[in-house]
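1. show me how the following folds:
(2 chains)
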Amino acid sequence: AQSVSQHNHHVILSEAASLELGCNYSYGGTVNLFWYVQYPGQHLQLLLKYFSGDPLVKDIKGFEAEFIKSKFSFNLRKPSVQWSDTAEYFCAVNPYGNNRLAFGKGNQVVVIP
Amino acid sequence: DAEITQSPRHKITETGRQVTLACHQTWNHNNMFWYRQDLGHGLRLIHYSYGVQDTNKGEVSDGYSVSRSNTEDLPLTLESAASSQTSVYFCASSEGGVIGEQFFGPGTRLTVL
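-> Down below sits the predicted model:
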């Protein structure tokens, strides 16, 4: 069955540690890829997205995600986390032309000050 | 600013009662979605709509129904609430096309006693 896999559901880190969250999907063909973040008590917000072009996408808070087509992966990284990065992170896949998103089960990340 | 609102934000009901959760978006998006979020399961799609009068079942649609009479609203109805439907429910919308990015509402926490 087609799926989106996120491993290590619970991640606990100290501030300034590096973070890497894996995301693998089993959909063939062209896909759009997303990382959503859900801060405590809040709704899901888009963190990063990949549609085409440079496979490395970045945001202003220091997060980056790399699309590796051969590995069907879209891993999320941040070199130095902050306490405010405590959140749940969801990877999502949108098969091209399909208006639905398939979500992974999420990674609960806790950053200890 | 465009947004998605959900009401109520919190609801406690009893087993067997009918419950309707409201979702209203001002993005003028054609596509609307209902998800439930449960620990260990991530987000699972309940129902979705690609436009007025269009509704479709998602992966966990049993016990739920939706109707789409206008662009802005997609109410979710639990016909006869069950304890297994205790969850956090998120509504989302997207403009369609090939991109697939979805915008989420703040969620409704439903408890079925």
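2. and the closest residue to chain A within chain B, how far from residue A:49?
-> Closest residue of chain B to chain A, CB to the nearest CB: residue B:100 (3.1 Å). The way it works is simple: take the backbone N, C-alpha and C, and place the C-beta from them, glycine included. Counting by CB to CB, to the nearest Å, the gap from residue B:100 to residue A:49 is 9 Å.
3. of those two, who's got more company?
-> Neighbours per residue (other CB atoms under 10 Å in any protein chain shown) separate residue B:100 from residue A:49, with residue B:100 holding more: 25 against 19.
4. wait, what's in contact with that one?
-> A:32, A:34, A:94, A:98-101, B:94 (CB atoms under 8 Å, 6 or more residues apart in numbering or on different chains).
5. report the secondary structure state of it.
-> coil (DSSP: H, G, I helix; E, B strand; the rest coil).
6. OK, contacts around the residue in chain A that chain B sits nearest to?
-> For chain A and chain B, the shortest gap (CB to the nearest CB) falls at residue A:94, measuring 3.1 Å. Residue A:94 is in contact with A:31-34, A:100-102, B:99-101, counting by CB under 8 Å, 6+ apart.
7. try 10 Å
-> A:27, A:30-34, A:49, A:51, A:100-102, B:94, B:98-102 (CB atoms under 10 Å, 6 or more residues apart in numbering or on different chains).
8. quick one: residue B:96 and residue B:27 touch, right?
-> No. Using CB atoms under 10 Å as the test, residue B:96 is too far from residue B:27 to be in contact (11.0 Å).
9. name the residue in the two with the higher neighbour count.
-> Neighbour totals were compared for residue B:96 and residue B:27, and residue B:27 leads with 17 against 13 (other CB under 10 Å).
10. residue contacts, that one?
-> Counting by CB under 10 Å, 6+ apart, residue B:27 touches B:1-4, B:71-72, B:93-95, B:103.
11. go on, residue A:18?
-> Counting by CB under 10 Å, 6+ apart, residue A:18 makes contact with A:77-81.
12. next secondary structure after the host helix or strand of residue B:91?
-> In this assignment (DSSP states H and E), residue B:91 forms part of strand B:87-94. Note on strand B:87-94: by DSSP H and E, the next helix or strand toward the C-terminus is strand B:103-104.
13. close to chain A, is that following strand?
-> Yes. Looking at strand B:103-104 against chain A by CB under 10 Å from any CB of the partner chain, the contacts come from B:103-104.
14. show residues contacting that strand.
-> Outside strand B:103-104, the residues within contact range by CB under 10 Å, 6+ apart are A:36, A:38, A:42-46, B:2-4, B:6, B:25, B:27, B:29, B:33, B:35, B:43, B:90-95.
15. between strand B:87-94 and the next helix or strand after it, find me the angle.
-> The element immediately downstream of strand B:103-104 (helix or strand, assigned by DSSP H and E) is strand B:108-112. Put simply, strand B:108-112 runs at 150 degrees to strand B:87-94, going by axes from the mean of the first three to the mean of the last three CA atoms, to 10 degrees.
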